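Chemist: After the sequence you'll find the predicted model.
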Amino acid sequence: MKTEPTEETCRGEWPFAPTNNKPLSQSRLIWRRFRQHRAGYLAGWVLAIMALSVFFAGFLAPYPATSPHSDAQNLPYAYVPPMLGRIHFQGLRPFVYGLKRTYDPLTSVRGYGEDTSQVYYLKLFVHGEPYRFLGLLPTDLHLFGTGQPPDSPGQFFPLGTDRFGRDLFSRILIGGRISLGIGPLVVLLSFAVGILLGGLSGYYGGGTDTVIQRTVEVAMSLPRLALLLALSAALPPQLPAISRFWGIVAILTLVGWAPLARVVRGQFLALREESFVLAARALGLGDLRIIFKHILPNTASYLIVAATLAAPSVILLESVLSFFRFGVQEPLVSWGLLMADLQDNFQYQIQFHPWLLIPGLFIFITVLAFNYLGDALRDAVDPFNIAEGPGI
Amino acid sequence: MKRQLYTIAALVGLILGLIGASGSVSFAQQAGLPASPLVVPATQMPDGPGRSGGTLTIDDTDNPKTFNPITEQESSSSAVTSLLNAPLINTSGQGAVAQAFEVSADQRSVTLTLRKGIRFSDGTPVTAADVVFTLVNVVFNPSVNSDKAAWQVAGQFPKVAALDAQTIKITAPVAFSGLLSAIASTPVLPKHLLAAAVQAGAFNAAWGVDTDPTQIAGLGPFRLKSFTPGQQVILERNPFYWKVDENGTQLPYLNEIRMPIVSDDNVRLLRFSNGQTDIYPPRPEDIPVLRQQANQGVSVLVQQAGTVDLNVIAFNQDAADPDLRALFRDLRFRQAMAYAANRQGMISANLNGLGEARFGPGIASTFWIGDQAGFPSFSFNLQKAAALLDQIGLVPDKNGLRHFADGKPVEFTLLTVQGSTVLTNDAVLFSNDLAKIGVKADVRPLDLNAVIDQLIGSRPPQYQAARISLGGGDGDPNLLRSIYQSSGNLHFWKFSDGSGQEVPAWQKQVDQLLEQQAQTLDLATRADLLDQFQTIVAQNQPLIFLYNAQGLEAFRSDRVGNFTGTTGSATLLNPEILFRK
């Protein structure tokens, strides 16, 4: 009876002596080595959870990202502090108290206290404000919340609110779609361009190589941030937010393809003299077939690593752009945009409402996780050959 | 013991005598002082007479666009020109450049006598010819972009005559309630420096920012020393200034005022917190921050009376887009917008609670007004706003977006001033609420000078809608005529009114009422006319009125003495009595 090797059986002897006699496949080996990298493995999980959370953000978030909250007198619930620490329990039933405004005349600071006469239970699967599930299905079902109308004092803002009374937690989750999504998206597009041009350049060499490589050098010498800001500033201001988002993606791609093209070219240069390529050529296969069927798959593992390592810089660039208000714009939300909201009266906001810095923490964690993941993948795929990722 | 006491008393007497003596000595020696200066009593100085010398730093919000006190239109310029110029009389009805004035029995004419020996900041004596030149050749000049509405009554300008070199008589065609406030709002200009520009028909461009400082002179406490665009304006004391303190020391006390140009509010706050500037007009949200620095010498003043600024949202009824133009001219739309403005929300979220809602042109602190019961008020009510929009025929589609009859979505650009948190966030809040009733407002922050250019720089104005704040004059309704009267030079929401086209009936009524109150001297009758004016304006909402903000000031009390306030932007009040501690 054959048994699959379990984690227990192979630990300690890995990777040199698998417990059963069947040699491990390449992908299994990679997986093993990847799991060995503790930080990278953890980072992978963190990113996976984040990706899932932002994918189902509309459902997980207690509120829509752009809906401001105010009390019955139409006064916004501005700068409500995080209410995670204000959850109380009655037996096992969690509840929050109603919001009560406070004012300190000495410092003229406005805040919120708990109105202990009003108790609002936190419930699962509550009907709240309407949204479209996955952007398609109109519904008002949220994972958790108090189920109170928007103008009730019984709101639950896990991470507090911003100046307009918008729930920060919901904004972070929904904003994460853009912040997390733009990395892979731009990297994918950059790679498409990079692989095509780099591949052609590396495979054919000669004049093609020279022309493409000189273009790459020019593209790489342009001052990146300045170019980004200039290009985004050139986007017409009346552009709808969604088109603007795609404009930003295009601009980031435009700026990001060159280093990738260079790296792909290097790989192709190395591989095109390999015997299997020579064999394919001797058999009379066409260039395109050789490029896509024979060379490209051999660079795939490397490209995946490079992509993972390139993603965080795209995320950071998007944050920078949005921070300067040249990136994503309302009503879309991204973490960079949430940070940009801090710029107005930043002393007041940071000094008295420090929870508004939380989106920065998410950027930090994401970038760190991508870097660890990239490191782990690199070690796993080929612990000897790949030195450094290209970065965008 | 007794003896000792006596000595001390004698010593005190000696010191007092010495001060008295040195005071009178300096009085005689101050060469630039006119023979009969205006004495500022110590009671008007919060910290009493100060000491001369020293430099004060206050950030200007932007590059001044001009040093021309007649044509300047934005606070970054007036912050400078207000220090360089002075009127004949001041707003509280005391003599300034004029030593004395006399109002005739029929209240139609004012005879003013210039201060003896008074000179412009370049040393040239002031004569009646300068006053006549200022009024007749400049302010009343049709080619000059001046505030004519404040001076016009019964469609005419007052007659200005020089009785002799020192005496001027200004005679209005009819009794004119706004005559003194018009005089008090007009600076006296030097004829010898500006006559050529007027002759060439180029007064609007005179005293531009590239003018040689020696070619700019005025009667204010300071004169221009240098201006480096993008860096700073430096003003030096006017050695010919015409005010002294009780001890006979010529004012201003300060030698120099430096105004670095810093357009970012956050940076200005930081610079003030770090002690790089001495005075900073704070935003409402800076108050908690600054209160925490009280032990570092920062003093914060919150004035209950409120500023006289008009905080409004304006819709350009001459917008280029025909759909929007028709819409903005529709009374129901403007009323809907007034309903959609969440004033309490703006005050609470953006003003840190330091303000009160306002529905019409009134200013609570002045004699004629207040938002009293009885005036129409469109307080926040989105249902009513939506109902009005339905009435116009802008029906929402299934996504809740409203469309014009030709299928275009109801969408406009809402300008605000870049860097002004309050204005921009008001606009965002407004646009959020509009989104709920199916109207799309794109908030677009622009540089202040670009906004002003869109509002009044180009004819006809180019903007669609704007969230702006207008300096509201000192509360005399006659000074608001430039805004509300259809011929006013700040009538930016419907420029075509000024050219006489399609003036709506209510606007004609407003013109008439303002004209009538200008010709009425009895306060009760005037207040009654102004009530009618307010009712009409509040009903027709040519501007969507939002709130009165409280006046906020911050200064370094360990360094600056006699600080009496600013006018919201960097314009200092009573700069001549400020001194360095």
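Modeler: The structure has been received and is ready for your questions. Remember, predicted model here, so these are calculated numbers, not experimental data. Residues are numbered from 1 along each chain as shown, chains lettered A, B, ... in the order given.
Chemist: hey, let's count contacts and neighbours off CA atoms from now on
Modeler: OK.
Chemist: thought residue B:539 was touching residue B:376?
Modeler: Yes: in terms of CA atoms under 8 Å, residue B:539 counts as a neighbour of residue B:376; the distance is 5.7 Å.
Chemist: Touching, residue B:515 and residue B:154? I think so.
Modeler: Yes: taking CA under 8 Å as the definition, residue B:515 is a contact partner of residue B:154 at 6.8 Å.
Chemist: The two - which one has more neighbours?
Modeler: For residue B:515 versus residue B:154, neighbours defined as other CA atoms under 10 Å in any protein chain shown are more numerous around residue B:515 (21 against 16).
Chemist: That one sits in which helix or strand?
Modeler: Of the helices and strands defined by DSSP states H and E, residue B:515 is found in helix B:505-518.
Chemist: So what touches that helix?
Modeler: B:153-154, B:176-178, B:478, B:481, B:484-486, B:525-526, B:529-530, B:532-533, B:536-537, B:540 (CA atoms under 8 Å, 6 or more residues apart in numbering or on different chains).
Chemist: Just these: which are in helices?
Modeler: Counting by DSSP state H, the part of these found in helices is B:481, B:484, B:525-526, B:529-530, B:532-533, B:536-537, B:540.
Chemist: export these to TSV and tack on neighbour count?
Modeler: Converted to TSV, the ones in helices among the contacts of helix B:505-518 look like this (neighbours: other CA atoms under 10 Å in any protein chain shown):
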residue	neighbour count
B:481	26
B:484	26
B:525	13
B:526	20
B:529	22
B:530	21
B:532	17
B:533	24
B:536	20
B:537	24
B:540	20
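Chemist: on that earlier part again, residues of the helix holding residue B:515 that come out buried?
Modeler: B:507, B:509-518 (16 or more other CA atoms under 10 Å in any protein chain shown).
Chemist: biggest helix in chain A by residues?
Modeler: Max-length helix for chain A by DSSP H is helix A:168-204.
Chemist: Tell me the helices and strands packed up against whichever helix or strand comes after that one.
Modeler: Downstream of helix A:168-204, the next assigned helix or strand under DSSP H and E is helix A:206-221. Secondary-structure packing of helix A:206-221 (3 or more CA pairs under 8 Å, 6 or more residues apart in numbering or on different chains; DSSP states H and E): helix A:168-204, helix A:241-272.
Chemist: out of the ones in helices among the contacts of helix B:505-518, who's nearest residue A:168?
Modeler: The closest of the ones in helices among the contacts of helix B:505-518 to residue A:168 turns out to be residue B:540 (CA to CA; 39.3 Å).
Chemist: how many neighbours does the residue lying closest to the closest one once chain neighbours are set aside have?
Modeler: Nearest non-adjacent residue to residue B:540, counting by CA to CA, 6 or more residues apart in numbering or on different chains: residue B:331, 6.3 Å away. Close neighbours of residue B:331, defined as other CA under 10 Å, add up to 16.
Chemist: Next, give phi and psi for whichever residue of chain B sits closest to chain A.
Modeler: As assessed by CA to the nearest CA, chain A sits closest to residue B:345 within chain B, at 4.6 Å. With angles defined as degrees, to the nearest 10, residue B:345 sits at phi -60, psi -40.
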